[in-house]
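>>> this one's structure only:
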């Protein structure tokens, strides 16, 4: 029982950190369940995907209430992410733990670099604007397919790809890009979650604990969003993500440093 | 942004109450599994063969399963509600996109069923 309490505590922390950084919790949840508790990576990914639906639903309800998300854009890109997620979810079923760990470590490195650079790009754009024209839609569809693919394969939200693409390439203001991405990742998670579910990779108890934990964490994280200086915390989380990337890489290759 | 305030409000309410309902059911399932651990821990892994066994929340595992199902079907309900709204407002382009997503999500379910081990 103590094991599940610790899993839940980790999920609360993951949800809290994720909402501060504006990302999904999957980047933290999958390594947490796999590296710390030894849960098979396919089960960890399944729990993460369902947790992502929960965080997406909670956050999107607030964004939609305030009319921040672009539903039309979210649906058109969501179609691409859903197709990508299904193909990623199918491929994941054929890959073994080591390969998935290796791919996950690469995505973690990308996420760390992306998070490290996020501050400068945020400042460069008018993030509150609601007047905009969507540019380079076909590129956005291609990038969304890739994001969905990574999501279905590894159990992460894909926002780490879609938000920069929408904001920097498609010309969508940052706040609307974040809200639209949040709306999309629920659809993306749902598309591949059913594959894991029917393969028998959804562990009820672990998923229940993780979903509730991450939901609570992200809820409380949103209250601290304007009180905690994420500029200070960001480098710490980047180091944590790089450490997790190293651990996943070592697990994937079977090497050991310690 | 061409989306109507009515659509924003509908989807926001659906997501809010859908996720809250799911959380409440999951919380109940976790409390139940804490009170009678054997009912959940023995059969915590799910395979499609047990769908009928777990369809009703008559055990901790069944309750957790129901909470997870509510959550997993929530995005489908959101896309369905969007489709209905676009249809009502004769927004053919977005109606087609929503219909295609619904088809892809349903295809995902059937692909999942085909992967049952």
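Nice, thanks for sending it over. Note that the structure is a prediction, hence the values are computed from the model and not measured. Residues are numbered from 1 along each chain as shown, chains lettered A, B, ... in the order given.
>>> in what helix or strand does the closest residue to residue A:67 other than its chain neighbours lie?
Excluding the flanking residues, the one nearest residue A:67 by CB to CB, 6 or more residues apart in numbering or on different chains is residue B:8, at 4.9 Å. Just so you know, the C-beta spots here come from the backbone N, C-alpha and C atoms, and that holds for glycine as well. Assigned by DSSP states H and E, residue B:8 belongs to helix B:5-35.
>>> May I see the buried residues of the longest helix anywhere in chain A?
If you go by DSSP state H, chain A has its longest helix at helix A:97-124. Buried residues in helix A:97-124, defined by neighbour count with 16 or more other CB atoms under 10 Å in any protein chain shown: A:100-105, A:107-109, A:111-112, A:114-116, A:118.
>>> before we move on, the earlier item: roughly how far does the residue nearest to residue A:67 sit from residue A:35?
To residue A:35, residue B:8 is 40 Å away according to CB to CB, to the nearest Å.
>>> how far does the lowest-mean-pLDDT helix or strand in chain A sit from the chain's center?
When each helix and strand of chain A is scored by mean pLDDT, DSSP states H and E, helix A:97-124 comes last, with a mean of 74. Taking CA atoms, centre = their mean, to the nearest Å, one finds helix A:97-124 lying 11 Å from the centre of the chain it belongs to.
>>> same for it, what does it pack against?
Other helices and strands packing on helix A:97-124, by 3 or more CB pairs under 8 Å, 6 or more residues apart in numbering or on different chains; DSSP states H and E, are helix A:26-31, helix A:41-65, helix A:137-154, helix A:159-164, helix A:230-253.
>>> Quick check, pLDDT for the residue nearest the centre of chain B.
Computing the C-alpha centroid of chain B and ranking residues by CA atoms, centre = their mean puts residue B:73 first, at 1.8 Å. The score at residue B:73 is 95. That number is its pLDDT.
>>> in which helix or strand would I find it?
Residue-wise, residue B:73 maps onto helix B:60-88 under DSSP H and E.
>>> Quick one: name whatever helix or strand follows that helix.
helix B:92-114.
>>> for that next one, packing partners?
helix A:71-94, helix A:174-198, helix B:60-88.
>>> Which one of those helices lies nearest to residue B:16?
Minimum separation from residue B:16 across the helices and strands packed on helix B:92-114 (CB to CB) falls at helix B:60-88, 10.5 Å.
>>> counting contacts, what elements does that closest one pack onto?
Packed next to helix B:60-88, using 3+ CB pairs under 8 Å, 6+ apart, are helix A:41-65, helix A:71-94, helix A:174-198, helix A:204-224, helix B:5-35, helix B:37-41, helix B:92-114.
>>> buried set for that helix?
B:60-76, B:78-83, B:85-86.
>>> What of stretch A:148-158?
A:148-158.
>>> Just give the number of residues close to residue 59.
All of this is about chain A. Neighbouring residues of residue A:59 were enumerated by other CB atoms under 10 Å in any protein chain shown; the total is 27.
>>> ah, I was thinking of chain B
18.
>>> Just want the phi and psi numbers for it.
The phi/psi pair for residue B:59 (degrees, to the nearest 10) reads phi -150, psi 170.
>>> pLDDT value on it, please?
For residue B:59, the predicted pLDDT is 78.
>>> which residues of chain B score low on pLDDT?
B:1-3, B:35-57, B:117 (pLDDT under 70).
>>> ok, now the stretch 101-250 of chain A?
If you take pLDDT under 70 as the line, the stretch 101-250 of chain A has these spans: A:118-130, A:225-226, A:228-231.
>>> Tell me the residues of it that contact chain B?
A:130, A:176, A:186-187, A:189-200, A:202-209, A:211-212, A:215 (CB under 8 Å from any CB of the partner chain).
>>> Mark which of those are buried, thanks.
Buried among those by 16+ other CB under 10 Å: A:176, A:186-187, A:189-200, A:202-209, A:211-212, A:215.
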